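Enquirer: I need the structure of the sequence given here:
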Amino acid sequence: MVRTVFFDPDRFFRERDELSPLQPVLVLILAGLASVFSTLVLFLSMPDSGLGTGPFVVLSILFNAPLAFGWVLLRCGLYTGAFHLLSSVLGGNGSLDTTFKVTAWGFVPVVFVGLLDPVMRYLAYGGGNGVATFALLSGVRAITSGHSMLLLTVFSLVFTLWQAVIWLFGMRRTHHLSLRRAVVVVGIPVAVALLLSVGGSVVSMTNVL
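Expert: Predicted coordinates:
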């Protein structure tokens, strides 16, 4: 099932008259846990990189891990609201509940991002000093080149576009939209999110260079 929604979302949504609520909620929970995992790896690397003491890292984890999980839920809520509003304006006839299920299914790539993100950071920053090279917060010395940040941005961009493809076919099939209108419904919120993300990355690279 997950393989189908990941590689053939059009078929996945076309073959289902009604979406079960359990699986998309589970996907959303796994996406949140994967984001928490990525956050844990990041902060557990700090003691070896001279960024702070043990208590500092523990407090950072206790504060940031729930934020990482909550950020996934917030993004899902924002996308759900935006998709449903635009779909209604453009003549879609799906319910808000259905929109939520489609949006949650679109977080399948986020599960993989959360698991692969620490690896990508390790590769991006060289890996010479073990997990300490994961560190990536406010002026951390591990950031030595804008190319590393660019690599991570491209990595995130690819998976965001993968999400958009899942949402596109999901909204089209469940809300009975034409392909063009489905592109508008999904494209506008995703484009705004990408602009904000890329803008933040550009600012970060500018500060580093």
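
Enquirer: please count neighbours and contacts with C-alpha atoms only from this point.
Expert: OK.

Enquirer: tell me who's in contact with C76.
Expert: Residues in contact with C76, defined by CA atoms under 8 Å, 6 or more residues apart in numbering, are F100, T103, A104.

Enquirer: gap between P118 and V198?
Expert: P118 is 19 Å from V198, where distance means CA to CA, to the nearest Å.

Enquirer: looking at these two, which one has more neighbours?
Expert: The neighbour comparison of P118 against V198 (other CA atoms under 10 Å) goes to P118, with 21 against 16.

Enquirer: contacts only, for N93.
Expert: Contacts of N93 by CA under 8 Å, 6+ apart are S87, H175, H176.

Enquirer: could I get these in TSV, plus columns for distance to T80, neighbour count and pLDDT?
Expert: Shown next, in TSV, are the contacts of N93 (distance: CA to CA, whole Å; neighbours: other CA atoms under 10 Å; pLDDT from 0 to 100):
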residue	distance to T80	neighbour count	pLDDT
S87	10	25	98
H175	13	20	97
H176	16	16	95
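
Enquirer: which residue is the nearest non-sequential neighbour of V108?
Expert: Of all residues not flanking V108 in the chain, V27 sits nearest, at 6.2 Å (CA to CA, 6 or more residues apart in numbering).

Enquirer: any idea which residue sits dead centre in this structure?
Expert: V110 (4.5 Å; CA atoms, centre = their mean).

Enquirer: on that earlier part again, export the contacts of C76 to CSV and tack on pLDDT, distance to G91 and secondary structure?
Expert: Listed next are the contacts of C76 as CSV, based on pLDDT from 0 to 100; distance: CA to CA, whole Å; DSSP: H, G, I helix; E, B strand; the rest coil:
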residue, pLDDT, distance to G91, secondary structure
F100, 98, 18, helix
T103, 98, 18, helix
A104, 98, 22, helix
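
Enquirer: so where's the protein uncertain?
Expert: Residue ranges of the chain with pLDDT under 70: 44-54, 56-57, 120-152, 200-209.

Enquirer: helices of that one, start to end?
Expert: 2-7, 9-14, 22-44, 54-89, 96-105, 108-124, 146-174, 179-208 (DSSP state H).

Enquirer: tell me the angle the last one makes with helix 54-89.
Expert: Read it as helix 179-208. Put simply, helix 179-208 runs at 150 degrees to helix 54-89, going by axes from the mean of the first three to the mean of the last three CA atoms, to 10 degrees.
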